[in-house]
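J.: Model the structure of this input:
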Amino acid sequence: MTVTLHAPILDWYAEHNRDLPWRRPEATPWGILVSEIMLQQTPVIRVLPIWEEWLTRWPTPDTLAKEPPGEAVRHWGRLGYPRRALNLHACAKAITADFDGTVPATYDELRTLPGIGDYTAAAVASFAYGGRHAVLDTNVRRVLARAIRGEEFPPTATTAPERKLAESLIPPVDAPRWAVAVMELGALICTARAPRCADCPVSGRCQWLLTGKPAHDGPPRRGQTYAGTDRQCRGALLAVLRDAPGPVPKAALDAAWSNTAQRERALDGLLTDGLAELLDNDFYALPT
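T.: This next block holds a predicted model:
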């Protein structure tokens with residue numbers, strides 16, 4: 001049954017895929033790596049303008065490596081989870097120092113880069129270099145859970161059976177296209193909240209649909225909140241540092257968030273995470 005998924009999903013992708021710059025033939029391995037890190041937990045529409053700005057400003061790893069890490073944080077904008085900006089900066093320095101400025105091509109080499117986990121290594125090795133890997137992001141895992149296992153959602157964390165299933169599906173040729181096609185199907189059709197089953201190319205083979213869409217029976221899936229959280233507070237403080245031309249006094253940060261205890265906790269977190277620095281004169285700045 002699993003092999004019969006290939007043709008309909010690949011045909012659907014050929015007709016419906018989005019024209020994204022990191023998927024074009026001229027995309028560089030560095031551009032693909034930047035896109036994969038930016039796209040983690042962030043919608044494409046928010047990533048596009050920041051990705052384009054980054055690649056214009058830093059078209060190669062060495063151009064970013066020459067800048068202080070604070071510049072990466074500054075130009076990360078409001079993508080969220082700004083530690084990813086520090087990871088990208090650290091990746092740029094490692095690629096420049098250890099790989100002569102060229103993004104490594106193999107999964108194992110990519111895993112040695114700072115902040116690069118299984119998914120990102122597999123994605124870059126596949127999409128930048130044509131490797132054969134199981135590229136398991138949330139969208140892919142959801143498609144496979146529904147179409148093959150008949151479950152509404154995959155487990156919270158990737159399991160060994162999931163990986164074995166995904167690896168068994170890798171076609172002998174054009175594996176990267178298969179990986180991105182399943183990913184696109186999950187992003188556009190087999191979505192988490194409102195799957196468009198009528199438009200799905202494998203609806204006639206989907207075990208979840210054929211068994212009446214049984215409800216998820218695992219741990220409750222809680223949506224992420226943002227308003228009023230420490231994450232929002234951190235973002236407000238970081239925005240002050242990002243928008244300032246230089247170091248700012250503590251008073252400027254105090255004015256950005258009214259809850260004193262939460263503000264101090266968030267500021268401590270930014271300092272601990274290396275996203276901000278306390279200078280000798282009690283001013284604060286992006287990391288240098």
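J.: For the stretch 1-150 of the chain, which segments count as helices?
T.: Assignment of helices within the stretch 1-150 of the chain using DSSP state H, counting those that start in this stretch yields the ranges 6-16, 29-38, 44-57, 61-65, 69-76, 83-98, 107-111, 118-127, 138-147.
J.: ditto for the stretch 151-288 of the chain
T.: Going by DSSP H, counting those that start in this stretch, the stretch 151-288 of the chain shows helices at 160-169, 175-188, 207-210, 230-243, 250-254, 260-272.
J.: and the first one, average pLDDT?
T.: When pLDDT is averaged along helix 160-169, the result is 95.
J.: Packing partners of it?
T.: helix 138-147 (3 or more C-beta pairs under 8 Å, 6 or more residues apart in numbering; DSSP states H and E). For the C-beta atoms, the positions are set from N, CA and C on the backbone; glycine is no exception.
J.: And the contacts of the helix it packs on?
T.: Residues outside helix 138-147 that contact it (C-beta atoms under 8 Å, 6 or more residues apart in numbering): 5, 151-154, 158, 162, 165-166, 169, 179, 182-187, 190, 192, 195, 202, 205-209.
J.: How about C206: what's its closest non-neighbour residue?
T.: A147 (4.7 Å; C-beta to C-beta, 6 or more residues apart in numbering).
J.: what does the model give the one you found for pLDDT?
T.: At A147, pLDDT is 97.
J.: Tell me how many other residues surround it.
T.: 25 (other C-beta atoms under 10 Å).
J.: can you check A105 too?
T.: Using other C-beta under 10 Å, A105 has 15 neighbouring residues.
J.: Quick check: nearest residue in space to it, chain neighbours excluded?
T.: Nearest non-adjacent residue to A105, counting by C-beta to C-beta, 6+ apart: Y129, 4.4 Å away.
J.: Distance check, V47 against M38.
T.: Plainly put, V47 is 5 Å away from M38 if you go by C-beta to C-beta, to the nearest Å.
J.: whoops, K93 was the one
T.: 18 Å.
J.: neighbour count winner among the two?
T.: The residue with more neighbours, out of K93 and M38, is M38; 23 against 18, by other C-beta under 10 Å.
J.: Tell me the pLDDT of that one.
T.: 97.
J.: ok, now the one 4 residues further on?
T.: pLDDT, T42: 93.
J.: Roughly how far does the closest residue to it other than its chain neighbours sit from N139?
T.: Nearest non-adjacent residue to T42, counting by C-beta to C-beta, 6+ apart: L79, 5.4 Å away. Distance of L79 to N139, given as C-beta to C-beta: 19 Å.
J.: now swap in P43 and tell me
T.: From P43 across to N139, the span is 12 Å (C-beta to C-beta).
J.: between the two, which one's more packed in?
T.: N139 (19 against 10).
J.: For the more buried one, give its distance to Y119.
T.: In terms of C-beta to C-beta, N139 sits 11 Å off from Y119.
J.: cool, V44 as well?
T.: Taking C-beta to C-beta, one finds V44 at 16 Å from Y119.
J.: Compare these two and say which one has the larger neighbour count.
T.: Higher neighbour count among V44 and Y119: Y119, with 18 against 14, using other C-beta under 10 Å.
J.: ok, the more buried one touching A134?
T.: No - when contacts are counted by C-beta atoms under 8 Å, Y119 is not listed as touching A134 (9.6 Å).
J.: joint contacts of V47 and M38?
T.: Residues touching both V47 and M38 by C-beta under 8 Å, 6+ apart: L79.
J.: Would you reformat the helices of the stretch 1-150 of the chain as JSON lines and include distance to A239?
T.: Listed next are the helices of the stretch 1-150 of the chain as JSON lines, based on distance: least, C-beta to C-beta, whole Å:
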{"stretch": "helix 6-16", "distance to A239": "37"}
{"stretch": "helix 29-38", "distance to A239": "18"}
{"stretch": "helix 44-57", "distance to A239": "15"}
{"stretch": "helix 61-65", "distance to A239": "22"}
{"stretch": "helix 69-76", "distance to A239": "10"}
{"stretch": "helix 83-98", "distance to A239": "14"}
{"stretch": "helix 107-111", "distance to A239": "32"}
{"stretch": "helix 118-127", "distance to A239": "27"}
{"stretch": "helix 138-147", "distance to A239": "28"}
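J.: P287 is nearest to which of those helices?
T.: With C-beta to C-beta, the closest approach to P287 among those belongs to helix 69-76: 4.7 Å.
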